[in-house]
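**Q** let's see this in three dimensions:
(chains A and B)
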Amino acid sequence: MKALIIEDDRNKLQAVGGYIREYFDWVELDEAYSHHSGLKQLGLKEFDLVFLDMSLPTYDISEGETGFRFRQFAGREILAHLARREQKVSVWVVTQFPVFGEGSGRRSLAELDAELRRDFDSNYRGHVSYSASSEAWKSEIARAIQMARR
Amino acid sequence: MFVREFLGQRSVSSQRRALEGLKQSLNWRQESRFLSQLRRQQISPLVFGSLRARSATELIRNTDTTFYSGDPFTEVRWLFTSLIPFAPEISEHIRFAAAFSSAFLRGDYADCGVMLEGYLDRFGATFWYIEKCLLLADQSGGLTESLRKFDQLVDGTKGITWLAIYYLSEKTQRRNSLARLRARVVHFGKGGNDKGISETGAWLGTIVLNDCAVPANHLAGLGFLLGRCAIQDRYILATRLLRSIFHANSELYAEVVPIADELNALCAAKEDHEGQRSDDDPLRLNAQGGVGIEEIADLYSTRANTIAVEKLTKSIKQNVPELKQVGLLSRVLNTTGLGDVSNLDHPLGTLVDVVRRWETPGQEVPDLGSVMDRILVIAGDSKLANGIRSFQGRIVRGDNVEHGTVELTSGGQIARDFEAYAIATASGEANALRVDFRQSQLIGFANWTFYQSIALADEALAESDILKAHNYYLGALAVSISSPQFVSPVRRCFRVLALYASQDCDLGPVLKVCASLHSVEPRYLDPTAIRFLASKVEGPRVAYNDFCERPLILVLAGASTQSIHFACADYFASQRIERPRDLIARYSEHLPPNICLFLRLVCTRDVLAESVVFDSTDELETERLAICRYLREHDKCHTSGYDEEIKSLTDSIAIRRGLQQIAKSRIYVDESGIRKTNATRYRDLVTRLKDSLLFDKVLGIKIPSSELGISAEDGKKAKLVVVQNPGFDAFAVLFRSIRDDFVLSNEFGLDSYLSVRIRHGVLLGQLRRPFEKQQLITKRSAADGYLKNEVWRTRLGELGPAASLIQGPLAQLSEMVDRIIGELNGSWLRVCTENSVVDGAYFNFNYDRISLLSLFSGIDPAAMADDLLVDFCFKELWQRTEQSLELIRCDLREVAVRRFLDALETTEHALLSDSTSTVGELSELLFALRTCKTEIQNEVAYISSWFRPPTQLEDGNFDVLNSLQIARRIIQDLNPKLEFAITVDVMSVALLPNKTFTTFVDIFLLLFDNAAKHSDLADGSLRIAVSGHCTTESLTLEFCSVPQAQRNLEQDVRAAQANWELARSRSASETIRKEGGSGIHKLFNLVRNKLNSSRGDIGFRIGEPRSFAARLYVPSGISNEGVNN
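**A** Numbers count the residues shown, from 1 in each chain, chains lettered A, B, ... in the order given. Okay, the predicted model is just below:
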């Protein structure tokens, strides 16, 4: 199985990626660190499963690159791209935040989840609540992998 | 009652068109005034018939969901409703009407005139008033007084024109209207010796000929008119009339000649009022048959524009009758200067014929573009003709057009293209022919066709023929592109078009027209309609992917950036290109207006940022910069906008590259500076070392293997011969001397750069930034503790007790963060030698005797050249530096990040462990903490990239201003509350070598830091004004913190200068020194040593109330000295 994790938080990436590599060695896991690098990978390869952070910078942050605009709903935008390309892949949003956005665009995780299910029903499978201080997310990740395997 | 009578006399469609036509006959300002009065109920709506139409327009405009109904009955009902409050005025109006009728029946036309004047005073120029004026004019035999009433409607030159247009727009009884008009022409022609009547008659005749294509047998009256004109010395008017005859129908030429002959006979001995002698009049000469066309051309060449004459001659030489006519007319036009009053004069007479045919179903319709092309050829402008032809070749022709609307649309597009072409090329040497052509294109053609099209579209609408109406409206829109006076009706048309879009009509032409309209006048585009259109073309797999106008409509409708990008990507895919620059490559010479608009409004930085074609901000901005530079050359109408954007992008790119340079040079040792400065000393030390080797005696002191860190077993084998002799001692002195310079030199050493570029507030600011951005930490208060976090207290205020309970964990977080940063700054990033031991310092340059022995044993100093010995020392020091850097990079990412994350997690736990608050209540704060976790990781990753061995940097294209901007960016990143007002008068700013550029950044950073530290930061924010000037002679800059109250840039600068005048206090430096931590010493060092300028100076002042001022002076040769360095 080919999976992709798009995440800009290295700590979270290390935790989630490490867990998958340790317990699901048959999963070939690729990494991307921004909205654009995620989209590029999705355009280059066929993936069965994508773990997606909701908020991402536009470009990979590196020396001399601040990432351009930080996208509060980058995950949603990536799902829109997938829908436009008619690309089928199981997408799980992995997040540690209960709310997203600011001002009038502010949405709770539950609201966002409902919205994503409505708009991207063919790809979006659900969300995983990540917390550095808890291990509950691991079972959710495992469930996502098992579901994609089926 | 009146309204019913009035409207009852006409069919419903006629009523509406009449009102619409009338509305157009009045200028907007006047109408607006009346509308305002109407709102205040000061006047009756009858005062202005057009008020109804206008109000309806307003109503539609203010009701987003309601489009123009297209139902005239609805409008009439609305009118009646609106009239109810004005019953008294209606009664008064009816009384006026009755009185007028009575006088008219009596034949007392003078009394009628008085009535009309009274009415005008009371109600203004209403529809009824116009009608009665016309009636009176008809019956009174064209009395001047009556005619002048018409001219009151609008300005003098257009009054009758507009009136005639009104008649032409009244299509229900079109034939009757035309008949009436023709009759009126003849009638006015008989108006006697009155100049006004003759002129009016001539104008109306022109209209009839131009717009109605009067057949030849109607010329009798015109001939008479010409005669009248001649009698009245209205020779130019007569010429104009003749010209219009040519334009209307070239076949009439033959008939005009005898008329001209008659005309000439009448004015034989006269000179016209313009001073043109009759004996050199070409028409007359031609009419007399004595002079050929070419001779006429020669005759005129003495006066005419040279270029026009050449073209004219060229066209005449083609010897085609039509060409001769147009050529001659062009000559007349240029010579007499009639082009200035050409509101009805256009050389597109043939177009009228085309449009006439277009009106008639079943007629074969020639393409307007080709007609224009032909006329351009006729005019002799082959280059222009070719341009138009090539443009025309690109026009998409629809197949759903019933009566050639697309051709008309094409005509409109060509018109606009031509207009742009004319503007672009008409430089210096005026080309009267071209300009006149443009003017006539704009006004003559547009006026007429617009109203024709509207009227026909309305008729089609009344007949429920949607497609036909759609096409007619398109035609109206297309021609209106050329004329800015149709804003309101065009908006209305546009709404209707949008409505038609819902009927599944082809939207391709609509999209194209939208783009064209936006180029001319954005107000044309009704927002509601645009949104509606956008909704039809948004989304995946819609048609029109190959229309660059599709994303444009989405931009105009305010669609999301992603939607615009999708449409843009579809367009690029259809064109088989990847990026805008590929598109530019296709249009290197001639940029079509729609592509220009697409590049300007769609291919913006934000939209392009959605494309995965670009991998970095740098690539993205470079692309947009290339677009702007191209557009700047090809879209002259928006030059200033492009200039602004180019400057902004150039600055952004320069700053980013400058920041990269700075990041790469944060760890730095000026090895060449050290070598250069200490060359003599090093030579002496090396000589001493080599001399000492001559006395090299092994003294036989052995050091135990364990002391060398070698196991006993290995020690036996190694047989390290430990020496204690003058040679080794001299080596130790040499190495430590170089080491001290390398590490500790104030001017060139590692510690100096570490101090200025990292430790001096930079690292602190950078690491605090993610926390401050989320407003999670506060500063330490004067008392032992941290300030309360007012931001979160306020935000969570409604939580009551919970709000106060967050203070403890947040204060603890502040303390933890400061502690971590303090440790990094205070120990990790310190330099350590055997003489100055710092616990935890990562830059360990401790070379004790044993380390040196190890080094010494690895070389043979006696056999080495002097330089190689020094090289060896530097190489060793760089290796040690690299080891330290690697360790720091690793530990920053692992250890430091972990500690920051731990601090954040501890805070999170502390907040959640409080039983009085729930996750929901604290969600915002938890969100901030978790966001901060990601950001601090990125920040530390970024910081760790500083700790790399310096790379050889190429001299960038940076000047003093760039240094200032980069320092500003860095300092603002660290402290967003700092504001800047920079006005530096740059006469000549030399590019700086990289080393000098980074030095300037260092200096500015220190100055900004000082300004922040030594100013009153009571409200937490500060503005720094920088003024000064930079020339090839010197650089003088004044830095000054200014009160927040003074928000004006000029005030800031004045304050900076005034402060400096007070700033000559020598004690200021001392004060600043005493306050500590300001890097004053470093500043002096940088100014005097790094810029290698002994005369360089820096002065300070601290004023009251707390304000800081500094003046930096660097004398000439900044650049050169930098290079010498």
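**Q** which residues of chain A lie near chain B?
**A** Residues of chain A found near chain B (C-beta under 8 Å from any C-beta of the partner chain) are A:8-12, A:36, A:39-40, A:43, A:55, A:58-59, A:61-69, A:77, A:80, A:83-84, A:96-99, A:132-133. All C-beta atoms are positioned from the backbone trio N, CA, C, and that covers glycine.
**Q** could I have the buried ones of these as PyMOL selection syntax?
**A** Listed next is the PyMOL selection for buried residues among the residues of chain A next to chain B, using 16 or more other C-beta atoms under 10 Å in any protein chain shown:
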select buried, chain A and resi 8+9+10+11+12+36+39+55+58+59+61+64+65+66+67+68+69+77+80+83+96+97+98+99+132
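**Q** so which of the residues of chain A next to chain B belong to strands?
**A** Using DSSP state E, A:Val99 are the members of the residues of chain A next to chain B that sit in strands.
**Q** show me what the residue sitting nearest the centre point of chain A bridges to in the sheet.
**A** Nearest residue to the geometric centre of chain A (C-alpha atoms, centre = their mean): A:Leu52, 0.2 Å. In this structure, A:Leu52 bridges to A:Ile6, A:Val93 when assessed by DSSP bridges.
**Q** surely it and A:Gly75 touch.
**A** Yes. A:Leu52 lies in contact with A:Gly75 (C-beta atoms under 8 Å); the separation is 4.6 Å.
**Q** list residues touching both of those two?
**A** Contact criterion C-beta atoms under 8 Å, 6 or more residues apart in numbering or on different chains; residues shared by A:Leu52 and A:Gly75: A:Ile6, A:Val93.
**Q** residues in contact with residue 122?
**A** Reading this off chain A. So A:Ser122 contacts A:Ala83, A:Lys88 (C-beta under 8 Å, 6+ apart).
**Q** I was thinking of chain B, sorry if that wasn't clear
**A** B:Glu92, B:Phe96.
**Q** pretty sure B:Asn962 is touching B:Gly658, no?
**A** Yes. Using C-beta under 8 Å, B:Asn962 is in contact with B:Gly658, at 5.7 Å.
**Q** mutual contacts of those two, please.
**A** With C-beta under 8 Å, 6+ apart, B:Asn962 and B:Gly658 have common neighbours B:Phe997.
**Q** low-scoring stretches of the stretch 451-600 of chain B, by residue?
**A** Residues of the stretch 451-600 of chain B meeting the criterion pLDDT under 70: B:451-506, B:509, B:513, B:517, B:520-521, B:523-524, B:541-542, B:588.
**Q** try it again with 50
**A** B:482-484 (pLDDT under 50).
**Q** one more: the stretch 101-250 of chain B?
**A** B:141-250.
**Q** beyond the helix or strand bottoming out on mean pLDDT in chain A, next helix or strand please.
**A** Least confident helix or strand, chain A: strand A:99-100 with a mean of 76, by mean pLDDT, DSSP states H and E. Using DSSP states H and E, the helix or strand that follows strand A:99-100 in sequence is strand A:107-108.
**Q** can you list contacts of that next one?
**A** Strand A:107-108 is touched from outside by A:Pro98, A:Val99, A:Phe100, A:Gly101, A:Glu115, with contacts defined as C-beta under 8 Å, 6+ apart.
**Q** what comes up buried for stretch B:854-866?
**A** Neighbour-count burial for stretch B:854-866 flags B:Leu855, B:Phe856, B:Pro861, B:Met864 (criterion: 16+ other C-beta under 10 Å).
**Q** verify the contact between the last one and B:Val870 for me.
**A** The reference is to B:Met864. No. Shown here, B:Met864 and B:Val870 do not form a contact pair, counting by C-beta under 8 Å, at 9.7 Å.
**Q** B:Tyr847: how many residues sit nearby?
**A** For B:Tyr847, the neighbour count with other C-beta atoms under 10 Å in any protein chain shown is 19.
**Q** my read: it touches B:Ile738, true?
**A** No. Using C-beta under 8 Å, B:Tyr847 makes no contact with B:Ile738, being 10.5 Å away.
**Q** return the residues in contact with the closest residue in space to B:Arg605 that isn't next to it in sequence.
**A** Nearest residue to B:Arg605, sequence neighbours excluded (C-beta to C-beta, 6 or more residues apart in numbering or on different chains): B:Arg624, at 4.7 Å. By C-beta under 8 Å, 6+ apart, B:Arg624 lies in contact with B:Cys603, B:Thr604, B:Arg605, B:Leu608, B:Glu645, B:Leu649.
**Q** since that was my last question, I'll sign off now.
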